[in-house]
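> Return a 3D structure for these sequence lines:
(one chain, ligands or ions: 1)
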Amino acid sequence: MTFRRVRILILLGILAAVISLTWLEQSLVRSWRGPLEVVVIPINGDGSQQAAETIRALQESDFDDINAFLERETARYGAKLSPAMRVTLQPELQARPPAPPRDGSVLKTIFWSLKLRGWVYRQSDEWLPQLGTIKLFLLYHAPQDGMALAHSLGLQKGLIGVVHVFADPRQAHQNNVVIAHELLHTLGASDKYAAGGWPVFPHGYAEPDLPQSMPRQQAEIMGGRYVNAAGRLVMPASLAQCVIGSMTAHEINFDEGFRRRFAASD
Ligand SMILES: [Zn+2]
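You can find the predicted model right below:
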């Protein structure tokens, strides 16, 4: 065999290994057999003093909200998972992940997501990726009036979230809403809002059996916001105001995962 052929075979082998590892870790996290393992990696998103201070004060318990939310919602779908998630807080990372392409063409996006996965792998300092661990990179920014944060994202392939959050203790609960949303993307949940951030009826609404015109006080987590009595779009103040709707539950394999889990324990 020529050297060229050997090289192609080796590359194909690596590709096959990556694809099967990706598949394996997705089925691991989506089986809901145990708590989700989540690693949180804080990054100073704007180089500000405020972000530096917020990161210094961070504790694993700052993300307890998300576990409480997942415990409550898994219980509502008939499974008891306590804890539903275990957070490991990593020291601040001095590097920033590669930014997503601006125009969002399919090819560029595929290339970028491969680049991001490579970047994440290089940050881990380990020979083998930690299978089934969700990696959330939190980029902290000092809040500025009228300035919106860059778009956060969660990737199912590679279990990676890149989340832009506010470096302000008063925003901690709302940050957790955004973090939980991206976390569920890594498990396969899709967005349930349309242009302008309006949730899509019925699946992007809490209590979807009620008419769309009825005001809500809760949001479906992947719908992101709710429409209040004044007809305005409202960002939930905390995860206490969020639910996992049935479509999202199906996408993140709640039903199938639970069915298998209980079938296995018979
Ligand atoms: Zn989203």
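> give the contact list for Phe262.
With contact taken as Cβ atoms under 8 Å, 6 or more residues apart in numbering, Phe262 is in contact with Ala79. Where you see a C-beta, it was placed from the backbone N, CA and C, and this is true even at glycine.
> my guess is Leu116 contacts Gly154, does it?
No: taking Cβ atoms under 8 Å as the definition, Leu116 is not a contact partner of Gly154, at 11.5 Å.
> Tell me where the model's unsure across the stretch 1-150 of the chain.
For the stretch 1-150 of the chain, the stretches with pLDDT under 70 are 126-129.
> quick one: the residue nearest to the spatial centre of the chain from Gly196, how far?
By Cα atoms, centre = their mean, the mean C-alpha position of the chain lies nearest to Leu183, the distance being 1.9 Å. Remark: distance between Leu183 and Gly196 (Cβ to Cβ, to the nearest Å) = 24 Å.
> what do you get for Arg72?
29 Å.
> more neighbours, the two?
Legend: neighbour count by other Cβ atoms under 10 Å for Arg72 and Gly196, higher for Arg72 (15 against 7).
> where's that one relative to Ala95, distance?
Arg72 is 35 Å from Ala95, by Cβ to Cβ.
> Show me where the stretch 151-266 of the chain has its strands.
All strands of the stretch 151-266 of the chain, identified by DSSP state E, counting those that start in this stretch, fall at 153-155, 160-166, 219-220, 226-227, 233-234, 242-243.
> what is the mean pLDDT for the third one?
Here strand 219-220 scores 98 as its mean pLDDT.
> Could you shift the numbering so residue one becomes 47, and keep it that way?
All right, first residue 47 from here; so that's strand 265-266.
> ok, Ile298 touching Leu230?
Yes: at 5.9 Å, Ile298 counts as touching Leu230 under the criterion of Cβ under 8 Å.
> Which neighbours do the two have in common?
Applying Cβ under 8 Å, 6+ apart, one finds that Ile298 and Leu230 are jointly contacted by Ile290.
> So for the two, which sits in the more crowded spot?
A direct count of neighbours by other Cβ under 10 Å for Ile298 and Leu230 places Ile298 higher, at 26 against 22.
> The closest residue to that one other than its chain neighbours: neighbour count?
Excluding the flanking residues, the one nearest Ile298 by Cβ to Cβ, 6 or more residues apart in numbering is Leu233, at 4.2 Å. The number of residues packed near Leu233 is 21, by other Cβ under 10 Å.
> Pull up the overlap in contacts between Leu162 and Gly200.
Residues within reach of Leu162 and of Gly200 at once, by Cβ under 8 Å, 6+ apart, are 206, 208.
> Would you confirm that Asp237 contacts Glu266?
No: between Asp237 and Glu266 there is no contact under Cβ under 8 Å: 10.6 Å.
> if you count what's nearby, which of these two comes out ahead?
Applying other Cβ under 10 Å to Asp237 and Glu266 shows that Glu266 carries more neighbours, namely 28 against 14.
> dump the residue contacts of the residue nearest to the centre of the chain.
82, 84, 112, 180, 182, 200, 207.
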